[in-house]
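Undergrad: quick one: sequence plus predicted model below, questions after.
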2 protein chains.
Amino acid sequence: MHFDKEPSTRPRVVIVGAGFGGLAAAKTLADADADITVIDRHNYHLFQPLLYQVATAGLSPADIAAPIRSILRKQCNTSVVLGRVTGIDSGTREVHLGDRRIPYDYLVLATGTRHAYFGRDDWEPFAPGLKKIEDALAIRRRILEAFELAESEPDPVRRRQFLNFVIVGGGPTGVEMAGAIAELAKKALTSDFRNIDSRTARIILVEAGPRVLAGFPERLSHAAAGYLERLGVEVLCGRPVSQCDDVGVIIADERIPARTVIWAAGVIASPAAKWLGAEKDRVGRVMVGSNLSVCGHPEVFVIGDTAHVPGPDGRPLPGVAAVAKQQGQYVARLIKGHIEGKVEAPTFEYRDFGSLATIGRKAAVAKLGKIELIGWPAWVVWSLAHVYFLMGTRNRMTVLITWIWAYITFQHGSRLITDSSVDPETSAVGTPATTPVQP
Amino acid sequence: MHFDKEPSTRPRVVIVGAGFGGLAAAKTLADADADITVIDRHNYHLFQPLLYQVATAGLSPADIAAPIRSILRKQCNTSVVLGRVTGIDSGTREVHLGDRRIPYDYLVLATGTRHAYFGRDDWEPFAPGLKKIEDALAIRRRILEAFELAESEPDPVRRRQFLNFVIVGGGPTGVEMAGAIAELAKKALTSDFRNIDSRTARIILVEAGPRVLAGFPERLSHAAAGYLERLGVEVLCGRPVSQCDDVGVIIADERIPARTVIWAAGVIASPAAKWLGAEKDRVGRVMVGSNLSVCGHPEVFVIGDTAHVPGPDGRPLPGVAAVAKQQGQYVARLIKGHIEGKVEAPTFEYRDFGSLATIGRKAAVAKLGKIELIGWPAWVVWSLAHVYFLMGTRNRMTVLITWIWAYITFQHGSRLITDSSVDPETSAVGTPATTPVQP
């Protein structure tokens, strides 16, 4: 037991959040003469770009997650704490985990975002979002249960409601979810049912703005919309959702009955700004300086989705893995330099290698520097990049095999309904507790 | 939509339970001139022999489960109903799923068992059992949390309690769980923590009877106990557990403080006997005739773990996959014969191909007919047999790769704490809601 060891006199770096940013910072500090502590409320790093595949029964949670301790186990200057930050005292330089205090000399906040309903939190029970593994499993359950409910429902009006799927938000997550649900309904499940034809499912992607994938060049947005429509997805752009409830959604003035509504329309930053009492933007991101530190606290850095960092075009950098990773590495080098007594430090500059989004098999769009790819070349790049960036060789192998298998068979292998909300005591598949259905 | 199709006049076979027995019956009836309905409360078939590997973070749930609809999707005479049976009316020949009625001409009950505390149901919160995927994930969470709690616990008495693991019951499940937890503590986790040495974990396997693996020849029992002890498991035979509570267990008169206690000591049959009003044995199994039908109801069959069928030595056949499968096939052939007008039918005879149990890497015992294997030959047979009997090529491939990977690296890849009971709002890893710890 090491509890009795002498307290170290080395500088203490505390990193909150083991997403792409926090983990990049921790790894870059592997050779630093400092004591690193990584705090996360989960015991695993999650590869969020593939979370939608867990939600659509393509992958298992363990395929896209790796234990943080395991990732950092050979890094002797680093310890991992499982816990949720409840506050920060920037005067005494302590991170609060409930009653526990963790002191720091340097603090890196990489606490990410959660989905947000922008004043309509009452929509959450009807339109769950996708940020955590638990969210993905809940959405998977909801999608699979909808088909089960339809199969055992004699009333055609209610059956229609079960077979309508609405995805709110046309960003990468919304596009990828819509494509994956369409493939599930139109390919994987077609022979599974006897009373319904899963191909009659309606998958509706709603976007308030004028086009899907607004962060991509217009040509790629149109290509993505085209692929979605070919898969049988109805793409409704320029139409905000005005209501979500237990019956479905209202889009513009049209009521669409749907048991399954998925929220991919927006995120809000973690409460880092609140903890620090720092200035924040409209979606809660902390306004940071050109070296990513917080005004008045040169020892506190905010990175990744939680930070508002202006890009070359003046707009804030997008909340993607590449930005978080580069920021994590940058901040770690800055801290190392400071510990070693360097005074000069470069400002952070984001190197944009491109962006990718997939719609389905052989259908993706990619912007790599000046190159724009559409269709299967983009899909190949997307697949390889995602396998490459996954954490851990075993995860890479199982994901690759699962994808190859799915490609050959059209099957989604993880179609398990676990922790069902459907009451098993009183009915066959009945009315779920959280979304009472009133046709 | 097929709801309006003409009712069929073919005989209706209803199978309740899609475990090894029910699924074997359904598949054998693929070419029968009958309408088959398979009812299960889960949407997947679970390969229970590997469930302990999900509980010990070796495999993912989807690796050992396959959607029932998917397994039977090409079998056009068969439909699948997701629901829980609430009763059976053997007069009107109907299965009740809450308010729903499913009529049958032939009924096959293959509803399995659940774990039982034999009058001490109050122990369940402290000593969860392992029958369902949800059980396995809860046990996995509990095991991984115990190490996390120990890592952040300064008090050595409480730390000891977190690092004690008690497995109650020395049958195959108990032996396999104990071995897997020992490998986790002594191998996979050794570099993960900074304040504790995971190798100091105590893993205690308690068996009330005189030896572990009582169903195996004595020589193999002793070999298994030897392997367990070499892995660092304390094997306590001949000592019944007299108390399970929030502090740990009392074995004989000794109090062992432990946060993690796992129940592998006994099962009780599903309520099939109650539904039928049939005669049952001490553990709730239905007493069936030599053709597995229920006395007075030649059209109702009970198979698998729910049936009491005397073996050649007079003792009931064990609750293992092979028995259930052979019974499912037998009953299906019987029903087919009856439909085709055959009157003669052979009685059921179990062909015992052997039994296997594994303790850890290169350590297993096997009885194959007259041949007894110990050590790595048994382990190779065990591994190949389990991969072979898994449902689905993709599952076979991912399990095989995961095992090869674990063999090379000593790592357990699925170490995710999901749906944690540890309160994330108020503390770092604190005291869980269900098992308050009082040192």
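TA: Here it is on my side, so go on. Numbering: from 1, shown residues only, chains lettered A, B, ... in the order given.

Undergrad: surely A:Val13 is in a strand?
TA: Yes: assessed by DSSP: H, G, I helix; E, B strand; the rest coil, A:Val13 belongs to a strand.

Undergrad: contacting residues around it?
TA: For A:Val13, the contact set (Cβ atoms under 8 Å, 6 or more residues apart in numbering or on different chains) comprises A:29, A:32, A:34-37, A:104-108, A:335. Backbone N, C-alpha and C define where each C-beta goes, glycine included.

Undergrad: let's see it at 7 Å
TA: A:29, A:34, A:36, A:104-106, A:335 (Cβ atoms under 7 Å, 6 or more residues apart in numbering or on different chains).

Undergrad: with these in mind, which one is nearest to chain B?
TA: Nearest to chain B among those: A:Ile36, at 10.8 Å, using Cβ to the nearest Cβ.

Undergrad: isn't that closest one right next to A:Lys27, touching?
TA: No: using Cβ atoms under 7 Å, A:Ile36 makes no contact with A:Lys27, being 9.8 Å away.

Undergrad: so the two - more neighbours on which side?
TA: A:Ile36 (27 against 17; other Cβ atoms under 10 Å in any protein chain shown).

Undergrad: mind checking what secondary structure the more buried one has?
TA: strand.

Undergrad: tell me the SS of A:Val399?
TA: helix.

Undergrad: chain A - how does it break down into domains?
TA: As given by automatic domain parsing, the domain ranges for chain A are A:12-41+A:83-115+A:267-339, A:121-265.

Undergrad: a markdown table please, covering those and showing mean pLDDT.
TA: As requested, the domains of chain A are exported to a markdown table (pLDDT from 0 to 100):
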| stretch | mean pLDDT |
| --- | --- |
| domain A:12-41+A:83-115+A:267-339 | 96 |
| domain A:121-265 | 96 |
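
Undergrad: which of the contacts of A:Val13 fall within helices?
TA: Mapping the contacts of A:Val13 onto helices (DSSP state H) picks out A:Ile335.

Undergrad: I'd like to know which of the contacts of A:Val13 are buried.
TA: A:29, A:34, A:36, A:104-106, A:335 (16 or more other Cβ atoms under 10 Å in any protein chain shown).

Undergrad: want to try JSON lines for these, with distance to A:Gln75 as columns?
TA: Shown next, in JSON lines, are the buried ones among the contacts of A:Val13 (distance: Cβ to Cβ, whole Å):
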{"residue": "A:Leu29", "distance to A:Gln75": "8"}
{"residue": "A:Ala34", "distance to A:Gln75": "11"}
{"residue": "A:Ile36", "distance to A:Gln75": "8"}
{"residue": "A:Tyr104", "distance to A:Gln75": "18"}
{"residue": "A:Asp105", "distance to A:Gln75": "18"}
{"residue": "A:Tyr106", "distance to A:Gln75": "16"}
{"residue": "A:Ile335", "distance to A:Gln75": "15"}
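
Undergrad: of these, closest to B:Ser191?
TA: Nearest to B:Ser191 among those, counting by Cβ to Cβ, is A:Ile36 at 15.5 Å.

Undergrad: how many other residues sit next to the residue of the stretch 1-150 of chain A found nearest chain B?
TA: Closest contact between the stretch 1-150 of chain A and chain B, by Cβ to the nearest Cβ, is at A:Gly83 (3.1 Å). For A:Gly83, the count of nearby residues is 23 (other Cβ under 10 Å).

Undergrad: circling back: now the contacts of A:Val13 as a markdown table including distance to chain B?
TA: Listed next are those as a markdown table, based on distance: Cβ to the nearest Cβ, whole Å:
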| residue | distance to chain B |
| --- | --- |
| A:Leu29 | 15 |
| A:Ala34 | 15 |
| A:Ile36 | 11 |
| A:Tyr104 | 15 |
| A:Asp105 | 18 |
| A:Tyr106 | 19 |
| A:Ile335 | 20 |
